[in-house]
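Trainee: One predicted model, sequence on top.
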Amino acid sequence: MADPASLSPEQQEILISLKQLFTAVECEVNKAAITPQIFHDILIHLEQTHEHFHRFEFVKILQNKIDTSLSAIIETELNKRPNSDPLDVIPEVTDVVFNSPEFNALQESFCLSMQEIIDVMVEIYHDPIRWEVGTPFLKEKNYVSNDDLSSSSNQTSGCMFFTSDQYFQIAQNLDPGMPKHVRQNALNCLFKTAPGECEHWSAIRQGIMDGLADEDYNFAEESLSLHAKLFNSGTSYSTSELYTSLSGHLIQHFQSSATYHIRMRNGLDTANKNTRCLLRRFMLLSIFQHDITTFWIRCPERHMIQPISQTIELLSLPGSEEGCLKPVQYLCLFDHKALWFRKWVHGCFTRNLVVSAMQKFNNFLKSSIECVSAGALPDIAPKDIYSSFTYSWKQLKYLEFIHSVNVIANIVQYKAGRELICEASSGNANGVIDILNKLIRVMTMDNSVFNLMDSSFHPQTIISELLREIIVSGEECRKLLSNEMVLKTFMQPLLDLPNWTTKCIQVCYYRNLTF
């Protein structure tokens with residue numbers, strides 16, 4: 001007899017997630033007499049027909065297995081086709097992945113594991129008592145069960161669905177003019193909801209955005225926790241609303257002269273309560289930036305425009321006063337490699353939206369160019385970064401410099417990005433060549449301090465990767481690197497050496513090279 005106890009912990013998780021999935025489609029099954037073929041069709045098309053498909057734990061488990069096993073080969077294949085038409089690339093990469101040993105191994109291991117799980121499910125399906133054994137565990141894991149849908153207990157008990165009128169009342173109760181206990185109750189209700197697209201979400205977004213700026217520290221932190229909670233359980237629509245709420249709050253913060261600001265010369269003390277509060281918001285923003293691209297795969301364009309536009313607007317803002325820290329310098333503390341930007345410009349569709357936003361709010365790119373164009377690296381020993389609770393002005397400037405190098409290195413690889421750099425360089429037609437020259441000077445700079453740092457802080461590594469990407473494309477290489485100014489910059493370290501001609505001949509001879 002099949003026994004659930006014989007399953008591994010991972011298989012038990014899958015068993016519980018499958019029960020959640022089958023419970024969710026039970027109403028569809030019970031509508032009429034159903035055949036195995038009809039039920040099979042329902043499952044095959046569940047992604048198109050079920051609003052909360054991507055919140056099912058089984059889907060998340062399967063997605064995680066795919067990411068872990070196949071992301072490396074997918075990334076490799078995409079890098080082999082940097083300038084191909086996306087419509088051609090997708091089927092080509094899909095064929096390669098489907099025929100790869102990694103996919104076959106994943107398919108074989110998952111099928112064997114699923115067979116054991118199905119044997120257990122078949123054994124216990126007709127036994128109501130044994131079938132309900134998993135229910136307490138479902139509640140413990142915060143999965144959505146039938147009991148949870150009608151629950152009215154505390155915010156950790158499960159999930160509730162509200163009517164349009166109830167959402168309207170929640171939006172009204174979140175107004176800053178309402179008594180604090182009324183706003184608190186409305187916030188607690190949102191902790192229990194499974195947000196979906198409704199006509200009142202814009203008003204709710206305004207209410208929780210006002211909560212982030214509340215003078216009551218605890219209420220403001222609960223509002224931030226709500227953003228994190230709903231982000232993990234929401235739809236593409238509510239995720240977009242939550243992201244714009246958080247980024248909108250930060251825009252208002254830096255545009256206001258009445259809020260707390262830090263002067264750059266004083267450095268950044270993370271032990272300060274107000275500083276920690278602001279840093280938590282930027283940390284969640286950084287997490288949003290990395291994960292939100294997974295929602296963009298299947299969501300309408302209207303859900304993408306505002307998050308992208310507000311992000312670029314936020315990072316274009318200067319400090320509230322001269323000498324104060326800028327938003328981009330806070331973000332650098334969590335993502336100095338600008339990985340969020342790399343993800344956002346990787347796809348052609350989102351890249352167009354990013355470029356459009358950067359044309360509108362061009363200070364972000366201008367400040368990145370100015371930071372790289374300063375002519376010299378900030379005077380800083382990078383080994384000291386992240387080693388204490390306090391960041392000096394020089395450390396913050398160095399992190400901004402690395403972030404700027406990464407932003408430019410990612411945008412300059414694309415035609416629209418190069419046009420944007422020319423516009424940001426006061427319409428200079430040679431703007432791209434100028435910035436490449438400056439990056440090459442940094443790459444060829446003799447700076448022994450680089451030997452002390454992690455490679456992610458090493459601008460020379462970033463720039464050499466950029467040049468490698470350009471060289472892969474013959475057309476881009478001819479346009480950007482086969483230029484007299486660029487070649488001269490490459491040769492400058494040799495020209496600065498004494499007796500450089502003799503040294504060049506010796507190097508070429510030993511490496512069997514010819515002029």
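Mentor: Everything's here; your move.
Trainee: Give me the contact list for the helix or strand containing Lys343.
Mentor: Lys343 belongs to helix 339-346 when elements are defined using DSSP states H and E. Residues outside helix 339-346 that contact it (C-beta atoms under 8 Å, 6 or more residues apart in numbering) are 286, 289-290, 293, 308, 350-351, 354, 406-407, 410-411, 414, 417. C-beta: built from backbone N, CA, C; applies to glycine.
Trainee: Stretch 420-430 now?
Mentor: Contacting residues not belonging to stretch 420-430 are listed as 355, 358-359, 362, 365-366, 369, 408, 411-412, 431-432, 434-435, 485 [C-beta under 8 Å, 6+ apart].
Trainee: what mean pLDDT does it have?
Mentor: What stretch 420-430 shows for mean pLDDT is 77.
Trainee: Equivalent analysis for stretch 74-88, please.
Mentor: Here stretch 74-88 scores 76 as its mean pLDDT.
Trainee: From start to finish, how long is it in a straight line?
Mentor: Stretch 74-88 has an end-to-end distance of 15 Å (C-alpha to C-alpha, to the nearest Å).
Trainee: State the distance from Asn362 to Glu370.
Mentor: According to C-beta to C-beta, to the nearest Å, Asn362 and Glu370 sit 12 Å apart.
Trainee: Looking at these two, which one has more neighbours?
Mentor: Using other C-beta atoms under 10 Å as the criterion, Asn362 and Glu370 rank with Asn362 on top: 15 against 12.
Trainee: quick one, what contacts the more buried one?
Mentor: Applying C-beta under 8 Å, 6+ apart, we find Asn362 in contact with Ser316, Glu423, Ala424.
Trainee: Filter the residues you listed down to just the ones in helices.
Mentor: Among the contacts of Asn362, the ones falling in helices (DSSP state H) are Ser316, Glu423, Ala424.
Trainee: The first one contacts Asn363, correct?
Mentor: Spelled out, it's Ser316. Yes - here Ser316 reaches Asn363: they are 3.8 Å apart, a contact under C-beta atoms under 8 Å.
Trainee: Between the two, which is the more surrounded one?
Mentor: Remark: of Ser316 and Asn363, Ser316 carries more neighbours, 21 against 18, as counted by other C-beta under 10 Å.
Trainee: pLDDT wise, what is that one at?
Mentor: pLDDT for Ser316: 92.
Trainee: just to revisit the earlier point, can you pull the buried residues of the helix holding Lys343?
Mentor: If you call a residue buried by 16 or more other C-beta atoms under 10 Å, then helix 339-346 has these buried ones: Trp340, Phe341, Arg342, Lys343, Trp344, Val345.
Trainee: tally of neighbours for Ser247?
Mentor: Ser247, neighbours per other C-beta under 10 Å, totals 26.
Trainee: Give me the distance between it and Glu313.
Mentor: Distance, Ser247 to Glu313, using C-beta to C-beta: 8 Å.
Trainee: closest to Phe231 among the contacts of stretch 420-430?
Mentor: Met358 (24.8 Å; C-beta to C-beta).
Trainee: if we can go back for a sec, okay, and which of the contacts of stretch 420-430 map to strands?
Mentor: Among the contacts of stretch 420-430, no residue falls in strands (DSSP state E).
Trainee: Quick check: the farthest pair among these?
Mentor: So, those by C-beta to C-beta: farthest apart are Gln359 and Met485, at 26.4 Å.
Trainee: tell me which element the most centrally placed residue in the chain is part of?
Mentor: Nearest residue to the geometric centre of the chain (C-alpha atoms, centre = their mean): His290, 0.9 Å. Following DSSP H and E, one finds His290 within helix 273-291.
Trainee: Direction-wise, compare that helix with helix 339-346 and give the angle.
Mentor: Interaxial angle, helix 273-291 versus helix 339-346 (axes from the mean of the first three to the mean of the last three C-alpha atoms, to 10 degrees): 30 degrees.
Trainee: Can you get me the centre-to-centre distance for helix 273-291 and its chain?
Mentor: With C-alpha atoms, centre = their mean, to the nearest Å as the basis, helix 273-291 stands 13 Å off its chain's centre.
Trainee: what does that helix rub up against?
Mentor: Here helix 273-291 has contacts from 212, 217, 220-221, 224, 227-228, 231, 242-243, 246-247, 249-250, 253, 260, 262, 268-270, 311, 327, 330-331, 333-335, 339-340, 343-344, using C-beta under 8 Å, 6+ apart.
Trainee: 6 Å - rerun?
Mentor: Contacting residues not belonging to helix 273-291 are listed as Ala228, Tyr243, Leu246, Tyr260, Tyr330, Leu331, Phe334, Asp335, Trp340 [C-beta atoms under 6 Å, 6 or more residues apart in numbering].
Trainee: ok, now stretch 400-419?
Mentor: 329, 332, 336-338, 341-342, 345, 355, 368, 371-372, 378, 432, 457, 459, 462, 466, 469.
Trainee: one more time with 7 Å
Mentor: Contact with stretch 400-419 is made by 328-329, 332, 336-338, 341-342, 345, 351, 355, 368-369, 371-372, 377-378, 420-421, 432, 435, 457, 459, 462-463, 466, 469, as judged by C-beta atoms under 7 Å, 6 or more residues apart in numbering.
Trainee: how far does it stretch from start to finish?
Mentor: Termini of stretch 400-419 sit 23 Å apart (C-alpha to C-alpha).
Trainee: from the chain's centre, how far out does that stretch sit?
Mentor: 17 Å.
Trainee: related to what we said a few turns ago, make TSV from the buried residues of helix 339-346 and add distance to Tyr391 and pLDDT to it.
Mentor: Putting these into TSV (distance: C-beta to C-beta, whole Å; pLDDT from 0 to 100) gives the following:
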residue	distance to Tyr391	pLDDT
Trp340	20	91
Phe341	21	91
Arg342	24	89
Lys343	25	87
Trp344	26	89
Val345	28	87
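Trainee: who's in contact with Gly431?
Mentor: Taking C-beta under 7 Å, 6+ apart as the criterion, Gly431 is in contact with Ile421, Cys422, Ser425.
Trainee: Same check on Leu436?
Mentor: With contacts defined as C-beta under 7 Å, 6+ apart, Leu436 is in contact with Leu480, Val486.
Trainee: now do 10 Å
Mentor: 408, 412, 418, 421, 430, 463, 466-467, 470, 480-481, 483, 485-486, 489 (C-beta atoms under 10 Å, 6 or more residues apart in numbering).
Trainee: coming back round to it: which of the contacts of stretch 420-430 count as buried?
Mentor: Among the contacts of stretch 420-430, those buried by neighbour count (16+ other C-beta under 10 Å) are Val355, Met358, Leu365, Lys366, Ile369, Ile408, Ile411, Val412, Gly431, Val432, Asp434, Ile435.
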